[in-house]
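**Q** Sequence isn't available, so here's the structure alone:
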């Protein structure tokens, strides 16, 4: 990926723009790859410069996850599409108990994108990858005409290795198990929305976008009965728990008062007619374990910087209809359905 | 990926259209995944239904390749964006000597896309994956508003395993080596162009889109001195050979009369002012080996259905400037430079 033909002058990363030649496969694309991507992502595998990267035998089961990122706006409080593209995929690996190792990055760029924006995104992506300990080992760049894309779309694929003895899956929840979350819900969704809607009172809500692999590893070590972890992104916690309920053939009963939500996020949701349980998160996880181990799992969450606001929020129950329900703070009970329709497009 | 919530009625794959709810993470997305993607791609790993797929230890070095596909039009003679998304990535693995095993698929859909078009593409992708022996183990779907995309973009990542003893790379070409191609050049580029420009005389040119992994495996078995293989896609053979020349620090001298090009492709290129050496291919490879082994490598190519028109087209020479040159049929010599600018946007 880092083959360098001769150029007359360096890429103008301050004032230049993406044009169709940057996706041509020719000299301009090689220059973009060399002067931006290889400079920021550089590692021994990327430096092979072939159409595929070849890496050592990983020595265990592979975990593989892929995510397209189309978030709008590209830059938001707490992150941007570059860091999000790392966190989203690293977290999908981590939720399976995997140690993330490698990342591939596919860019689809819109003609006319300022190269300065692209450089900012690439640097943010590279920084997030370094922080998460994953190497960007290969990639691809395509350019589409103005009006056929929207600035930048990024599809990342992550590869990790699952240690022996770790077996987490959405179908393993059992009646009696406890349901936990690692922190405040809805920050990412409201942070994005505040940018779009110009909500002054929510302007200090920051996306929780973060890599959860070290938190996940600590939870696995602390809790032998850990059944599964999942990061509630699009569709929020409500949809994630419905997925798990169907996979495991169980019901879930939540205690709504126990679910941690920032007051400003709750206020923004009320103002907009949204429910924080359906708002996207990019740095939170939900975990399910045997009830007896729940206090230990909670303590392990709270011992990690990304889990300080963790809480036990409900229990798994027997229910052939696989319903998720919540006891409301007023003593009633409501059905927490799958997300129907679209609450907030292009949140990630 | 195949969790099935209750629906009121099945997806209308004949008359329905993609809408924003199909990317929401909620019920509509789960239905799309269940009724289309899981139905077409079904395998044990995809059926895990988690945010990551976990597969057995592959038992060797991994090859990893990723490719975004933005081809326009979506359907063309000889293929469509679905089959292309498989072939492009499988071939990048095969060129590294890998046996392709797994594929991830990320869709970015434009609101309003007919579901019938999506279903046709998904079926074509599934068919091509089965033919190539790769399992689609995980995926992702995003939807963008009308006017922010162009129907369908597909980013595929392939994972394969490289057998012990196989070491192919673009930096291994040596002066004296022979350069071969596996067949007629430029078919894919001209097939796409004929659709856009309405070139009647080129209307029977069909894309060469094909999976090259079995051809590649035969060449590895037949030729101990095989240095490298590469598929000349965007930028064509000219750009691919320039990449190799720079990687290996050598020059390459081609015999232009020996390069196989269909008369109709040559005529279309002349008419349009294009050079077949810069036209994209999606089912051809170029290979470099020791001169003494070239006849055996050529015979191995010709023994495979995808290599019947193979030819020895040139030699590797010492040249610190890393130039690629061609002896013209008229006895002269011309520089075959990197592709400059953009010849044919969104060819793949």
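**A** Sure, I can see it. Predicted model only: the values in this text are computed from it and were never measured.
**Q** Would you mind naming what in the stretch 151-300 of chain A lies close to chain B?
**A** For the stretch 151-300 of chain A, the residues in contact with chain B (C-beta under 8 Å from any C-beta of the partner chain) are A:153, A:155, A:157-160, A:162, A:169-171, A:228, A:230-231, A:233-236, A:239, A:242-243, A:246-247, A:278, A:280. (Each C-beta comes from the backbone N, C-alpha and C, glycine too.)
**Q** Surely residue A:135 touches residue A:45?
**A** Yes - under the criterion of C-beta atoms under 8 Å, residue A:135 makes contact with residue A:45 at 6.3 Å.
**Q** follow-up on the earlier one: in ChimeraX, how would I select just the buried ones from the residues of the stretch 151-300 of chain A next to chain B?
**A** Buried residues within these, by 16 or more other C-beta atoms under 10 Å in any protein chain shown, are selected in ChimeraX with:
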select /A:153,155,157,158,159,160,162,169,170,171,228,230,231,233,234,235,236,239,242,243,246,247,278,280
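**Q** Nearest the middle, which residue of chain A would you pick?
**A** residue A:88 (2.1 Å; C-alpha atoms, centre = their mean).
**Q** ok, the residue nearest to that residue when sequence neighbours are not counted - how many residues close by?
**A** Leaving aside its sequence neighbours, residue A:88 sits nearest to residue A:67 (C-beta to C-beta, 6 or more residues apart in numbering or on different chains; 4.5 Å). If you count neighbours by other C-beta atoms under 10 Å in any protein chain shown, residue A:67 ends up with 28.
**Q** Next: the one 10 residues further on.
**A** The burial count assigned to residue A:77 is 19, neighbours taken as other C-beta under 10 Å.
**Q** Who are the contact partners of it?
**A** Residues in contact with residue A:77, defined by C-beta atoms under 8 Å, 6 or more residues apart in numbering or on different chains, are A:191, A:194, A:195, A:203, A:204, A:205, A:206, A:207.
**Q** Would you check how far apart it and residue B:25 are?
**A** 21 Å (C-beta to C-beta, to the nearest Å).
**Q** quick one on the thing from earlier: quick check: of the contacts of residue A:77, which lies closest to residue A:115?
**A** Minimum distance to residue A:115 across the contacts of residue A:77 is 22.8 Å, recorded for residue A:195 (C-beta to C-beta).
**Q** Tell me if I'm right that the closest one and residue A:74 touch.
**A** No - Residue A:195 lies out of contact with residue A:74 (C-beta under 8 Å); the separation is 10.4 Å.
**Q** returning to what we had before: surely the residue nearest to the centre of chain A meets residue A:70?
**A** No - judged on C-beta under 8 Å, residue A:88 makes no contact with residue A:70 at a distance of 11.3 Å.
**Q** joint contacts of these two?
**A** Shared contacts of residue A:88 and residue A:70, defined by C-beta under 8 Å, 6+ apart, comprise residue A:348.
**Q** after the helix or strand encompassing residue A:244, next one along is what?
**A** Assigned by DSSP states H and E, residue A:244 belongs to helix A:236-248. Counting by DSSP H and E, the next helix or strand C-terminal to helix A:236-248 is strand A:251-255.
**Q** Which other helices and strands does that next one contact?
**A** helix A:236-248, strand A:311-317, strand A:324-327 (3 or more C-beta pairs under 8 Å, 6 or more residues apart in numbering or on different chains; DSSP states H and E).
**Q** Name the stretch among these that sits most buried.
**A** Mean neighbour count (mean count of other C-beta atoms under 10 Å in any protein chain shown) peaks for helix A:236-248 among the helices and strands packed on strand A:251-255, with a mean of 25.
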